[in-house]
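**Student:** Fold the following and give me the result.
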Amino acid sequence: MRMPVEGDKSMSSLHCCQGKSRSGGDVPQPKTWRRRVRGTAELILPGALLALMPKCPLCLAAYVALGTGLTMSRSSARILMRSLTALCIGTLALCVVRRVVSWHHNRQSLNLQPTQTPR
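**Tutor:** Here you go, the predicted structure:
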């Protein structure tokens, strides 16, 4: 491994999602429309499923029977309902935590550039 010497720029701290500007600083790549759609869908889909899911296990068993033709017992419908609820809440919590961490990271990384003092 080659270590940098004073003033040598042989090692780069760029990540795979960052580009390099002409001034030599690290600049994050702009978000594409696919990333924006994916980020929005990550929050909307679990919330919509949680809101539209029936609150009664027998209603869920009826929807499963209508959609797939398979029947379910009341206890298995209750387990499925609780599992889907936990999965939706966990997914929403993960998305919110990722957004907060990303926001916090972007907020802190804005002030990392050293400023030159006039002499």
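
**Student:** Okay, helices next: where are they in the chain?
**Tutor:** 33-52, 57-68, 74-109 (DSSP state H).

**Student:** Make a markdown table from the ones you listed and add mean neighbour count, distance to residue 116 and mean pLDDT to it.
**Tutor:** The C-beta positions use only the backbone N, C-alpha and C, and glycine is treated the same way. As requested, the helices of the chain are arranged in a markdown table below (neighbours: other C-beta atoms under 10 Å; distance: least, C-beta to C-beta, whole Å; pLDDT from 0 to 100):
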| stretch | mean neighbour count | distance to residue 116 | mean pLDDT |
| --- | --- | --- | --- |
| helix 33-52 | 12 | 35 | 87 |
| helix 57-68 | 14 | 64 | 93 |
| helix 74-109 | 13 | 19 | 89 |
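
**Student:** okay but residue 60 is in contact with residue 80, surely?
**Tutor:** Yes: look at residue 60 against residue 80 with C-beta atoms under 8 Å: they come within range, at 6.5 Å.

**Student:** Return every residue with contacts to both of those two.
**Tutor:** Counting by C-beta atoms under 8 Å, 6 or more residues apart in numbering, the shared contacts of residue 60 and residue 80 are residue 72.

**Student:** what's the closest non-adjacent residue to residue 53?
**Tutor:** Nearest non-adjacent residue to residue 53, counting by C-beta to C-beta, 6 or more residues apart in numbering: residue 84, 6.2 Å away.

**Student:** Hmm, the one you found is touching residue 52, no?
**Tutor:** No: taking contacts as C-beta under 8 Å, residue 84 lies outside contact range of residue 52: 10.9 Å.

**Student:** now residue 91, nearest residue through space, not along the chain?
**Tutor:** Excluding the flanking residues, the one nearest residue 91 by C-beta to C-beta, 6+ apart is residue 46, at 4.2 Å.

**Student:** ok, the one you found - contacts?
**Tutor:** Counting by C-beta under 8 Å, 6+ apart, residue 46 makes contact with 87, 88, 89, 91, 92, 95.
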